[in-house]
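J.: sequence below, structure please.
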Amino acid sequence: MKKLILLILVLLPSSLVNGQGFENFITVSGDRLMDGNKPFRFISFNVPTLNYQEDVMDFKVTNPYALPDEFEMRDVFATVKEMGGQVIRFYTIPVRNKNFPAESPTYVESPGVFNEEAFKVTDKMLALANEYHVRIIFSFLNNWQWMGGRPNYAAFRGKTENDFWTDPQLIDDFKKTIAFTINRKNTVTGVAYKDDKAILCWETGNELTSPVDWTIKITRYIKSLDKKHLVMDGYYAIDDRPVREESIVEPSIDILSSHHYETNTFDIPPHIMNNLALIKGRKPYLVGEFGFSSSSALANVLDTVIQNKGICGALIWSLRHHRRQGGFYWHSEPMGLGIYKAYHFPGFSSGTEYDETDLLKMYRQKAFQIQGVELPALSIPKAPVLLPIEEAYAISWQGSAGASGYSVERADNPNGAWLPIANNVSDAEVPYFPLFHDATAKIGGNYYYRIKALNNSGISEASNVVGPVLVQKLAVIDKMKNIGVLYQSKNVKLVTGSDRSFKEIRDRLQGDSGSEIYYSVPGSLSSLNIYSFEQNRSSYLTVSGSNDTKNWEVINIELQSYLNNESNYAYWIPKLYSYSGEKKYKFFKISFSGVAQIGRVEIMYTE
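T.: Predicted structure coming up:
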């Protein structure tokens with residue numbers, strides 16, 4: 001056995017034996033990034049939640065922050081790989097933020113105090129980067145409060161965010177984070193971060209408004225700890241604010257970058273070319289962030305990158321991945337002009353407004369083009385994972401990277417015969433609620449379920465089988481996409497937009513004082529849930545029941561609010577109105593006494 005193990009180790013590439021998936025560190029030759037003796041150029045993605053989740057928007061959850069698990073990180077890497085991406089940039093090491101819920105996890109708890117469980121996430125991230133052969137741009141600091149950054153380091157010491165650039169104590173605090181990270185030994189691979197070839201470069205930070213002196217002090221400090229990796233200046237060169245000459249000539253800075261969100265999209269290529277002219281071939285340069293423009297405008301940006309070899313790459317903002325609980329994470333971009341959300345691959349009808357499907361198709365083509373590689377067909381998706389099912393009207397699964405839809409199958413026993421009950425079901429249609437409602441289920445049915453993922457290249461193997469699921473209740477579910485489920489309404493309208501304020505629920509029904517909506521119950525009412533958003537702590541909804549639509553009585557409703565204390569977004573108050581009383585009404589009415597937006601109504605009933 002020992003001889004066999006030794007033989008296997010001899011036959012394996014040395015990069016795999018030592019826990020790494022790359023042969024080379026990325027290096028610099030003039031204005032080129034190099035992978036060994038080959039130029040390294042890429043079109044890929046910013047994934048700000050690769051190492052830290054900020055989009056836990058389930059209706060009853062009041063803390064949007066969490067650490068991603070292995071499934072979620074694998075979904076990111078599989079997606080980027082399928083898209084032709086070779087690099088992922090995440091934009092910060094999170095810092096304790098007093099504006100976040102107290103139970104929020106973070107990475108930097110206080111100066112020099114680090115959350116080991118959080119850093120194990122980056123351990124796994126780097127292990128997966130090696131496995132999937134995707135490089136990481138590892139950013140140390142956020143200029144802004146999102147996820148915690150410069151303002152929060154200053155807050156630890158009772159100082160201002162502007163003190164961060166000059167105060168010796170704050171600079172030393174930040175250096176402790178840098179040293180801890182660079183010198184960390186990965187608990188998964190056993191490789192120190194400073195020796196891990198999966199890291200393309202260290203970035204001083206995201207959109208830093210830093211003085212030159214601070215930047216040089218920090219980049220030289222990074223180089224003193226790690227001479228193997230490149231260092232990128234995280235200075236906020238944005239739109240027509242160019243890269244700095246001092247960074248171009250500083251030996252401890254290897255890469256320069258700029259971000260582009262110009263409202264006049266005609267200006268983006270000229271601004272990029274202006275940076276290239278200033279650099280004059282002295283260092284590699286990349287477009288670190290860009291987006292929030294039309295597909296044709298972004299294609300023009302990518303063509304500018306591809307045609308100018310002095311630009312080593314471009315990273316669009318941004319990509320979100322599948323959730324462990326089913327579906328995707330959603331993120332309405334604060335600077336996205338009220339239109340743009342983070343992208344979901346391979347694109348869905350839910351992203352029609354910002355041309356998600358066609359944009360990602362174009363982006364994938366450009367990602368392979370910059371490598372000089374013929375565009376491959378999409379891979380057939382891997383089998384999804386069907387999650388435990390308690391009710392036939394609440395079915396969810398862990399999605400497969402690259403799947404555009406799912407086939408749902410049902411059987412009366414675990415070995416079949418399997419009956420297709422739905423085809424091409426999207427897992428990007430209903431944010432943060434169950435993905436599928438088996439409307440064909442019958443009371444007394446005892447069913448087994450499985451699903452298959454599909455895209456234009458084919459259909460996956462079947463998922464695991466879940467069951468038996470005994471059907472004791474049926475449901476009517478109104479997702480507010482139209483007025484078709486309503487029995488009757490008065491002075492209401494369907495609304496969308498500003499979705500972050502409404503837990504990313506896109507489709508809502510708004511009423512005001514005097515508005516009413518009515519529903520009929522197909523059977524014997526079992527329970528009722530109304531998912532509402534209101535701006536006042538007072539209740540603006542009253543629910544009444546009737547059996548003849550003439551005589552109405554107010555129902556005793558249980559009301560629960562799920563207020564998020566975070567101040568970063570203009571959240572409306574999520575309120576769940578629930579009824580599970582003994583009276584079996586045939587109709588019910590929701591009356592408005594103020595402005596409220598309803599995102600979902602669930603009516604559970606028996607025959």
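J.: check contacts around W418.
T.: By CB atoms under 8 Å, 6 or more residues apart in numbering, W418 lies in contact with 409-411, 450. In this view, the C-beta of every residue, glycine as well, is placed from N, C-alpha and C.
J.: A237 now?
T.: Neighbours of A237 in contact, by CB under 8 Å, 6+ apart: 243-244, 256-259, 275.
J.: also N455?
T.: Contacts of N455 by CB under 8 Å, 6+ apart are 346, 378, 380-381, 402-405.
J.: in the stretch 151-300 of the chain, which spans are helices?
T.: Using DSSP state H, counting those that start in this stretch, the helices of the stretch 151-300 of the chain run over 168-183, 212-225, 245-249, 268-279, 295-307.
J.: possible to save those helices as a markdown table with mean neighbour count?
T.: Putting those into a markdown table (neighbours: other CB atoms under 10 Å) gives the following:
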| stretch | mean neighbour count |
| --- | --- |
| helix 168-183 | 17 |
| helix 212-225 | 18 |
| helix 245-249 | 15 |
| helix 268-279 | 17 |
| helix 295-307 | 17 |
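J.: among those helices, which is nearest I43?
T.: Of all the helices of the stretch 151-300 of the chain, it is helix 295-307 that lies closest to I43, at 6.1 Å by CB to CB.
J.: quick one: that closest one to helix 268-279, angle?
T.: Interaxial angle, helix 295-307 versus helix 268-279 (axes from the mean of the first three to the mean of the last three CA atoms, to 10 degrees): 20 degrees.
J.: check which helices and strands helix 295-307 sits against.
T.: strand 42-46, helix 268-279, strand 285-290, strand 311-316, helix 356-369 (3 or more CB pairs under 8 Å, 6 or more residues apart in numbering; DSSP states H and E).
J.: reformat those as a markdown table; add distance to V56.
T.: Below are the helices and strands packed on helix 295-307 laid out as a markdown table (distance: least, CB to CB, whole Å):
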| stretch | distance to V56 |
| --- | --- |
| strand 42-46 | 20 |
| helix 268-279 | 33 |
| strand 285-290 | 24 |
| strand 311-316 | 24 |
| helix 356-369 | 22 |
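J.: how about those in a markdown table, adding distance to P574 and mean pLDDT?
T.: Output for the helices and strands packed on helix 295-307, formatted as a markdown table (distance: least, CB to CB, whole Å; pLDDT from 0 to 100):
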| stretch | distance to P574 | mean pLDDT |
| --- | --- | --- |
| strand 42-46 | 29 | 98 |
| helix 268-279 | 38 | 98 |
| strand 285-290 | 31 | 98 |
| strand 311-316 | 31 | 98 |
| helix 356-369 | 26 | 98 |
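J.: who's in contact with the closest residue to A394 other than its chain neighbours?
T.: Closest residue in space to A394, ignoring its immediate chain neighbours: P434 at 3.9 Å, by CB to CB, 6 or more residues apart in numbering. With CB under 8 Å, 6+ apart as the criterion, the residues that contact P434 are 326, 393-396.
J.: please repeat the previous calculation with a cut-off of 10 Å.
T.: 325-327, 387, 389-391, 393-397, 477, 602 (CB atoms under 10 Å, 6 or more residues apart in numbering).
J.: how near is it to Q472?
T.: P434 sits 17 Å away from Q472, going by CB to CB, to the nearest Å.
J.: next: K81.
T.: To Q472, K81 is 44 Å away according to CB to CB.
J.: any idea which element the spatially closest residue to A198 that is not a sequence neighbour lies in?
T.: Nearest residue to A198, sequence neighbours excluded (CB to CB, 6+ apart): A129, at 3.9 Å. For A129, the element it lies in under DSSP states H and E is helix 116-132.
J.: and the angle from that helix to helix 168-183?
T.: Calculated by the same axes, to 10 degrees, helix 116-132 forms an angle of 50 degrees with helix 168-183.
J.: any idea which helix or strand comes after helix 116-132?
T.: Scanning forward in sequence from helix 116-132 by DSSP H and E, the next helix or strand is strand 135-139.
J.: alpha carbons only: can I get that next one in PDB?
T.: Taking Å, rounded to 0.1, in the frame of the first residue of the first chain, the C-alpha atoms of strand 135-139 are listed here in PDB:
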ATOM      1  CA  ARG A 135      -7.300  33.100  -9.400                       C
ATOM      2  CA  ILE A 136      -8.300  35.400  -6.600                       C
ATOM      3  CA  ILE A 137      -7.700  39.200  -6.300                       C
ATOM      4  CA  PHE A 138      -7.600  39.400  -2.500                       C
ATOM      5  CA  SER A 139      -8.600  42.900  -1.300                       C
END
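J.: can I get the contacts of W418 in JSON lines with neighbour count?
T.: What follows is the contacts of W418, written out as JSON lines (neighbours: other CB under 10 Å):
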{"residue": "E409", "neighbour count": "21"}
{"residue": "R410", "neighbour count": "22"}
{"residue": "A411", "neighbour count": "16"}
{"residue": "R450", "neighbour count": "23"}
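J.: so which of those is the closest to N536?
T.: R410 (44.1 Å).
J.: look at the closest one and give its secondary structure.
T.: At R410 the chain is in strand, as set by DSSP: H, G, I helix; E, B strand; the rest coil.
J.: who's in contact with it?
T.: Residues in contact with R410 (CB under 10 Å, 6+ apart) are 392, 395, 416, 418-422, 438, 440-441, 445, 447-450, 467, 469.
J.: try 6 Å
T.: 419, 421, 447, 449 (CB atoms under 6 Å, 6 or more residues apart in numbering).
J.: put the buried members of those residues into a PyMOL selection.
T.: The buried residues among the contacts of R410 can be selected in PyMOL (16 or more other CB atoms under 10 Å) with this line:
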select buried, resi 421+447+449
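J.: identify those among the contacts of R410 that sit within helices.
T.: Assigned to helices by DSSP state H, none of these qualify.
J.: let me have the contacts of R410 in TSV, extended by pLDDT and distance to F119.
T.: Formatted as TSV, those follow (pLDDT from 0 to 100; distance: CB to CB, whole Å):
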residue	pLDDT	distance to F119
L419	97	48
I421	98	45
Y447	98	44
Y449	98	38
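J.: got the contacts of R410 as CSV, with distance to M362 columns?
T.: Shown next, in CSV, are the contacts of R410 (distance: CB to CB, whole Å):
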residue, distance to M362
L419, 38
I421, 35
Y447, 42
Y449, 36
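J.: where in this structure is pLDDT low?
T.: 1-19, 567-568 (pLDDT under 70).
J.: show me which of the contacts of P434 are buried.
T.: Buried, going by 16+ other CB under 10 Å: 326-327, 387, 389, 391, 393-397, 477, 602, out of the contacts of P434.
J.: if I look at the closest residue to G291 other than its chain neighbours, how far off is L302?
T.: When the adjacent residues along the chain are set aside, G291 lies closest to W317, with 4.2 Å between them (CB to CB, 6+ apart). Counting by CB to CB, the separation of W317 from L302 is 14 Å.
J.: which helices and strands does the top strand by length along the chain pack with?
T.: Assignment by DSSP state E gives strand 508-520 as the longest strand of the chain. If you count contacts as 3 or more CB pairs under 6 Å, 6 or more residues apart in numbering; DSSP states H and E, strand 508-520 packs onto strand 488-495, strand 587-592, strand 596-606.
J.: and the last one, which residues are buried?
T.: Burial within strand 596-606, assessed by neighbour count using 16+ other CB under 10 Å, is assigned to 596-605.
J.: in TSV: those, plus distance to K280.
T.: Rendered in TSV, the data for these read as follows (distance: CB to CB, whole Å):
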residue	distance to K280
A596	59
Q597	54
I598	59
G599	54
R600	57
V601	62
E602	63
I603	68
M604	68
Y605	72
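J.: would you mind measuring from the residue nearest to L470 when sequence neighbours are not counted to L386?
T.: Leaving out its chain neighbours, the residue that sits closest to L470 by CB to CB, 6+ apart is N446, at 5.3 Å. From N446 over to L386 the distance is 17 Å, taken as CB to CB.
J.: more crowded one of those two?
T.: Between N446 and L386, counting by other CB atoms under 10 Å, L386 is the more crowded of the two (22 against 11).
J.: hmm, the more buried one is touching V469, no?
T.: No: using CB atoms under 6 Å, L386 is not in contact with V469, being 11.0 Å away.
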